[in-house]
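Visitor: give me coordinates for this.
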Amino acid sequence: MQFKKKIMKQIITLILFLTLTNSIFAQEFNFKMLEKLTTISFVSIDKYMTNIYGFEKINEEDEGRKRTYARFYKDNYDNTIIISVISPKDKPNVLDISVAKNYDIRSIKDEILSREYEYKGTNKYGFIVFKKDKSTFLIGQKPNESQATQIMLINEW
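Guide: Sure, this is the predicted structure:
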């Protein structure tokens, strides 16, 4: 009887651990991936987003110059991330990102600051601006009606 209780306790602990781990990974905001997406050739974007980063391609428009990818977590849309990669002519790729309500925006801002971006205030479009060299992060001040927060990453030449 004691042995069964011990096994049950271990199983419950394992299930809790796996659930919490899944939740933590679901909310991961991958800065290395974002930096890579702004610097690689637009031709390679599909490969990176689907094969390497595990996103699903959900849309392509503007004559193929804008591609949108999403990662859903077991039908839990509160952990969804949607990334549109836009390829302006003769410029680095621009990222337009929407993160669902379970993403910790405060920790994303803290990580941006820890990467030596400088807080520049708010622009007239309602975005909080962080700048480092020729790279700019824009973060929406308020979530939209779906409770998603918009984040953009723009690099200049």
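Visitor: local confidence estimate at residue 39?
Guide: Here the pLDDT value assigned to residue 39 is 89.
Visitor: run a quick neighbour tally on it.
Guide: Neighbourhood size, residue 39 [other C-beta atoms under 10 Å]: 9. Yep, even glycine has a C-beta here, placed from its N, CA and C like the rest.
Visitor: skipping adjacent residues, who's closest to it in space?
Guide: Once flanking residues are discounted, residue 39 sits nearest to residue 92: 6.7 Å by C-beta to C-beta, 6 or more residues apart in numbering.
Visitor: what of residue 109?
Guide: Spatial nearest neighbour of residue 109, excluding adjacent residues (C-beta to C-beta, 6+ apart): residue 139 at 6.5 Å.
Visitor: was I right to think that neighbour contacts residue 151?
Guide: Yes: using C-beta atoms under 8 Å, residue 139 is in contact with residue 151, at 5.2 Å.
Visitor: who touches both of those two?
Guide: Common neighbours of residue 139 and residue 151, counting by C-beta atoms under 8 Å, 6 or more residues apart in numbering, are residue 108.
Visitor: of the two, which one has the most company?
Guide: Set residue 139 next to residue 151 and count neighbours by other C-beta under 10 Å: residue 151 wins out with 25 against 20.
Visitor: correct me if wrong: that one contacts residue 143.
Guide: No: using C-beta under 8 Å, residue 151 is not in contact with residue 143; the gap is 11.2 Å.
Visitor: does residue 35 belong to a helix, a strand or coil?
Guide: Under DSSP: H, G, I helix; E, B strand; the rest coil, residue 35 falls in the helix class.
Visitor: which residue lies nearest the spatial centre of this protein?
Guide: Nearest to the mean C-alpha position of the chain, by C-alpha atoms, centre = their mean, lies residue 29 at 4.6 Å.
Visitor: got a list of what residue 135 touches?
Guide: Taking C-beta under 8 Å, 6+ apart, we find residue 135 in contact with 38, 117, 153, 154, 155, 156.
Visitor: please report how far it lies from residue 51.
Guide: Residue 135 sits 26 Å away from residue 51, going by C-beta to C-beta, to the nearest Å.
Visitor: same check, this time on residue 110
Guide: In terms of C-beta to C-beta, residue 110 sits 31 Å off from residue 51.
Visitor: just to revisit the earlier point, which stretch of helix or strand covers the residue nearest to residue 109?
Guide: Per DSSP states H and E: residue 139 is located in strand 135-140.
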